[in-house]
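**Student:** Make a model of this:
(one chain, ligands or ions: 2)
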Amino acid sequence: MAMNLSQKIISEHLISGKMEPGSEIAIRIDQTLTQDATGTVTYLQFEAMGVPRVRTKLSVSYVDHNMLQEDFKNADDHVYLQTVASKYGIYFSRPGNGICHQVHRERFGVPGETLIGSDSHTPTNGGLGMLAIGAGGLDIALAMAGEPYVLSMPKILGVKLIGKLQPWVSGKDVILELLRRLTCKGGINKIIEYYGPGVESLTIGDRFTITNMGAELGATTSIFPSDYITKKYLEAQGRGNVWKELKADPDAKYDRCDIRLHIENDARAISALKEGDVINLSISNPDEAGFVKVEFDGLVIDLDKLEPLIAQPHSPDNVIKVSELAKQNIKAAQACIGSCTNSSYFDLKVAAHMLKGRAVHPDTSFTLTPGSRQVFEMIARNGELADIIASGARILESACGPCIGMGQAPPSGSVSVRSFNRNFEGRSGTMDAKVYLSSPETATATALMGKIADPREVAKLFNIKPLNREEPEKYIINDSMIIPPSQEPEKVEIIRGPNIKPIPQFEEMPDTIKGRVLLKAGDNISTDHISPAGAKVLPLRSNIPAISEFTFTRIDPDFPKRAKEWGGGFVIGGDNYGQGSSREHAALAPRYLGVKAVITKIFNRIHRSNLINFGILPLTFSDPNDYNNIDFGDELVLENIKEQLKSKGQKGQVILKNITKNIEIKLDYDLTDRQKEILFVGGMLNIARKNKK
Ligand code: MIC
Ligand code: SF4
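**Tutor:** Numbering: from 1, shown residues only. Ligands and ions are numbered 1, 2, ... in the order given. As a prediction, this is how the structure comes out:
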């Protein structure tokens, strides 16, 4: 049978289940990665499993998020991570070596292998033809212990690329175009597979940017074929030996996919789908609640026709043409290049090329972050760094930095144009800042002009010639900041600072779940709303009781106090609940505060599985209108919930009683037997502890 590339890699790694969309599959995992902000909890859970050495082909622990060392906390975490890695057979990438996804693609990614990582942008390595998936830390710990990764078989959405990118248009504009068409929920439960003649016109860097930001579509992962461009890149990294050619069979098929859009809220996406090239598009009539079902066999993106695009505040899918905004004289107090989306050598090189001999606008602060030490060394030795410094731009160390609110918060109420992937409200550290997402070319044009600017116009104005979009023949290879694991693990002592607290133990699920509505949230609640990041909160990632004090405080400062006073309860959400980060703290902390069930219209995939892993029941409204029949403070009950779930199949309905309003509401669940078991015993860690060998 002809297969697409995703099906080929999955079938080679399939341990159980059928490759039919929606059915549960278990796949063998070759590689894992963690970063420090999710890593400490991952390794604490791994330690609780009692496995002496990792059982993967390769596991790497990175330090890139918690890099500000204001006190002992982050520094202690780094030492814990280094010692735990050494003992259990994990490579350790030291602070300063770079952002996990950038370093992983440079030094470790292998076409055709599987990778799971405790960070939602793990799919970046899909740019190399890897099947790379973001997951919760507990799933990573289980994979390191040799367990397969269990997921529901996604649909494979084919995106055909034709044409060639025009000057000053880059990979970022391709993924912004897809976000414009499909919205942040368009990729949920889908793998986005790129194919077609346009693929070969994209550089490897463009591909990584596109697969990276597939996370913002909510996709399980994104993947490119592995071709001669991949080969050249791996050879330039001194790793040509791991290359192999991978692509879909010529007559391979992709799945018919669908998304549910609201005619008012998602009007932009609906019109983008009509205008855009969509294969066999059908749009249903709106239902009573104003939702339409959009179905299609795939998308076509004509690269020739793409223009520089930009996502406006506060969502990565709020995309319009840069040329539209350039007319509006929007002053930018800040511009930034960096993050795992756009901090490659080419990204910094193109910025340096535009800055050469010019000065950053006096009203704009321009920061540049080389994504890895390799990129940093390349720009230093090849001279780009000097042009950057001379322009008055600010160069930051190789880390996540401003992307995760670790410094460089913009001024009050100001505009910041960033080459990053997320612009959720408050994520920059300034609650009322307006963050836009663009390509490095647009961010640099903005930094030069002091206002949002179209790079094509700026190039004309200053007579800047477009750069040849080619990767170097050879990268500088220096792995001295990647520490291999110890050969004598018994001699390694794991060092734990005082801020590293054990993971709390959780009770079994009660027969009946009863409680009040602790919070009623709207649509698109991100994990940054649930468990915020930033310089103040991130150092508490290894201390669940302490970090839980920040749960939901971005939307309701009293949440933690109330949850404790009311003895836990329910959280109600809207569409696309839990989008964004893979952080399991967004499940662990609510669980610690007594949240028993979350009821929404649609869940984000990673967050939903984190909720299950920590014993919080995820349910969705059978009729989205019922969202209006529950209010803050209402008393709710799910009677005999265990019995109700046990007696029925994988998908079904349960009845929720709203005691306050004296009504019954039908809720849907979609839980495999394995997931039910995890919920009943109070979370996956209880199972892992029980199975401890
Ligand atoms: C993010 O971009 O939000 C993070 C920080 O990288 C997260 C992980 C985390 O919360 O530690 C992610 O994307 O998964
Ligand atoms: Fe780091 Fe930002 Fe990438 Fe998350 S999105 S891994 S914070 S650079």
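
**Student:** Figure out how far stretch 210-226 is from the centre of its chain.
**Tutor:** 9 Å (CA atoms, centre = their mean, to the nearest Å).

**Student:** show me the contacts for Ile495.
**Tutor:** When contacts are counted by CB atoms under 8 Å, 6 or more residues apart in numbering, Ile495 is found next to Asp76, Val79, Tyr80, Thr83. (C-beta placed from N, C-alpha, C; glycine too.)

**Student:** Reformat these as JSON lines; add pLDDT, neighbour count and distance to Gly136.
**Tutor:** JSON lines is the format used below for the contacts of Ile495 (pLDDT from 0 to 100; neighbours: other CB atoms under 10 Å; distance: CB to CB, whole Å):
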{"residue": "Asp76", "pLDDT": "97", "neighbour count": "20", "distance to Gly136": "23"}
{"residue": "Val79", "pLDDT": "98", "neighbour count": "15", "distance to Gly136": "24"}
{"residue": "Tyr80", "pLDDT": "98", "neighbour count": "22", "distance to Gly136": "19"}
{"residue": "Thr83", "pLDDT": "98", "neighbour count": "18", "distance to Gly136": "23"}
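
**Student:** Provide a list of residues in contact with the nearest residue to Asp71 once chain neighbours are set aside.
**Tutor:** Ranked by CB to CB, 6 or more residues apart in numbering and with sequence neighbours excluded, the top spatial neighbour of Asp71 is Pro539, at 7.6 Å. Counting by CB under 8 Å, 6+ apart, Pro539 touches Asn66, Glu70, Asp71, Lys73, Asn74, Asp77, Asn499.

**Student:** try Ile503
**Tutor:** Applying CB under 8 Å, 6+ apart as the definition, the contact partners of Ile503 turn out to be Val41, Leu44, Gln45, Ala48, Ile544, Leu588, Leu685.

**Student:** 6 Å - rerun?
**Tutor:** Residues in contact with Ile503, defined by CB atoms under 6 Å, 6 or more residues apart in numbering, are Leu44.

**Student:** per-residue pLDDT, it?
**Tutor:** Among the per-residue scores, Ile503 shows a pLDDT of 91.

**Student:** Met378 is in contact with Tyr345, isn't it?
**Tutor:** Yes. Using CB atoms under 6 Å, Met378 is in contact with Tyr345, at 4.9 Å.

**Student:** who has more neighbours, these two?
**Tutor:** When neighbours are counted by other CB atoms under 10 Å, Met378 and Tyr345 differ, and Tyr345 comes out ahead with 25 against 22.

**Student:** Tell me which residues are up against the lowest-mean-pLDDT helix or strand in the chain.
**Tutor:** Of all helical and strand segments in the chain, the minimum by mean pLDDT, DSSP states H and E falls on helix 684-690, at a mean of 86. Outside helix 684-690, the residues that touch it by CB under 6 Å, 6+ apart are Ala48, Met49, Leu138, Asn613, Ile678, Val681.

**Student:** Neighbour-wise, give me the winner out of those residues.
**Tutor:** Of these, Leu138 is surrounded by the most neighbours, 28 neighbours in total, counting by other CB under 10 Å.

**Student:** Under a three-state scheme, what state does it occupy?
**Tutor:** helix (DSSP: H, G, I helix; E, B strand; the rest coil).

**Student:** near ligand 2, which residues of the protein?
**Tutor:** For the chain, the contact set with ligand 2 under CB under 6 Å from any ligand atom comprises His65, Ile99, Asp119, His121, Ser339, Cys340, Cys400, Cys403, Ile404, Asn421.

**Student:** Now distance to Asn576, pLDDT and neighbour count too, for those residues, in TSV please.
**Tutor:** Shown next, in TSV, are the residues of the chain next to ligand 2 (distance: CB to CB, whole Å; pLDDT from 0 to 100; neighbours: other CB atoms under 10 Å):
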residue	distance to Asn576	pLDDT	neighbour count
His65	24	98	26
Ile99	26	98	30
Asp119	19	98	31
His121	18	98	27
Ser339	21	98	28
Cys340	22	98	31
Cys400	23	98	27
Cys403	21	97	26
Ile404	21	95	26
Asn421	16	98	26
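
**Student:** Burial check on Asn640, number of neighbours?
**Tutor:** 14.

**Student:** typo on my end, it should be Gly515
**Tutor:** Look at Gly515: counted by other CB under 10 Å, it has 20 neighbours.

**Student:** Correct me if wrong: it contacts Val571.
**Tutor:** No. Gly515 is beyond contact range of Val571, at 10.2 Å (criterion: CB under 6 Å).

**Student:** Quick one: the strands in the stretch 201-350 of the chain, in order.
**Tutor:** With DSSP state E, counting those that start in this stretch applied, the stretch 201-350 of the chain shows strands at 221-223, 257-262, 277-279, 282-283, 291-296, 298-302, 309-311, 319-321, 334-337, listed in chain order.

**Student:** got any ranges where the stretch 251-400 of the chain has weak pLDDT?
**Tutor:** By pLDDT under 70, the stretch 251-400 of the chain has no low-scoring segment.
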